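S.K.: kindly return the folded structure for what I paste below:
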Amino acid sequence: NVHMETSCAGAVSADFDRALALLHNFWYARALQAFEDVIRRDPRCGPAYWGAGMTYNHPFWDAPTAMDLAAAWGRVQEGLGVVADTGRERMYLEATAALYRGPGAAPKNARDIAYRDAMRALHQRYPDENSNLFYGLAILGAIREGTRGFEQQAVAAALFEQVYAANPEHP
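M.R.: Below is the predicted model of the structure:
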């Protein structure tokens, strides 16, 4: 049970939410197909470009290849070009741009930190289930191997637990 309010056409809303659920479940290939279908049906749906770009971000495994970075960056740029919203939807796209801007120009950890910081700002301005989860995941994705302590993990866990308490059916 997941939903994100978007400026997309009503006809693609349920399919966008299904793609979002697939993304939340780390089913990246299937989520990409689902977001691409939404884009095909509503090319002005900026959040679908965000979702397609996010399918290339695997914070716990499989760093994106150069080809993945280029594909994700392309989708994010397209989304920034069509999104009419200057608030939440644009902030999601801008945060994701931090992961892919100038593909390969910055080390992955630097891009992960920039994404985490952008997601923090988005979450502070638009706190909801999705921003909780994506910000929490961004926190975990930016933790460098060998970091001592679990303070950052505790912050992410608290965000996840808020969502579970409010919506135990959320993926």
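S.K.: any weak-confidence spans in this structure?
M.R.: 103-104 (pLDDT under 70).
S.K.: what segments of it are helices?
M.R.: Remark: helices assigned in the chain by DSSP state H are 13-24, 28-41, 46-54, 66-82, 88-100, 108-125, 129-141, 151-166.
S.K.: JSON lines please, covering those helices and showing distance to Glu5 and mean neighbour count.
M.R.: Bear in mind the C-beta positions are built from the backbone N, C-alpha and C, glycine included. Formatted as JSON lines, the helices of the chain follow (distance: least, C-beta to C-beta, whole Å; neighbours: other C-beta atoms under 10 Å):
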{"stretch": "helix 13-24", "distance to Glu5": "9", "mean neighbour count": "20"}
{"stretch": "helix 28-41", "distance to Glu5": "15", "mean neighbour count": "18"}
{"stretch": "helix 46-54", "distance to Glu5": "9", "mean neighbour count": "27"}
{"stretch": "helix 66-82", "distance to Glu5": "16", "mean neighbour count": "18"}
{"stretch": "helix 88-100", "distance to Glu5": "8", "mean neighbour count": "23"}
{"stretch": "helix 108-125", "distance to Glu5": "14", "mean neighbour count": "18"}
{"stretch": "helix 129-141", "distance to Glu5": "9", "mean neighbour count": "22"}
{"stretch": "helix 151-166", "distance to Glu5": "16", "mean neighbour count": "14"}
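S.K.: dump the ones you listed to CSV, plus distance to Phe60.
M.R.: Shown next, in CSV, are the helices of the chain (distance: least, C-beta to C-beta, whole Å):
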stretch, distance to Phe60
helix 13-24, 14
helix 28-41, 12
helix 46-54, 14
helix 66-82, 15
helix 88-100, 14
helix 108-125, 11
helix 129-141, 7
helix 151-166, 12
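S.K.: tell me which of those helices lies nearest to Thr6.
M.R.: Nearest to Thr6 among these is helix 46-54 (4.5 Å), distances taken as C-beta to C-beta.
S.K.: so what angle separates the directions of the closest one and helix 66-82?
M.R.: 170 degrees (axes from the mean of the first three to the mean of the last three C-alpha atoms, to 10 degrees).
S.K.: heads up, I number from 3, so please use that
M.R.: Sure thing, new numbering starts at 3, so read that last one as helix 48-56.
S.K.: for helix 48-56, packing partners?
M.R.: helix 15-26, helix 30-43, helix 68-84, helix 90-102 (3 or more C-beta pairs under 8 Å, 6 or more residues apart in numbering; DSSP states H and E).
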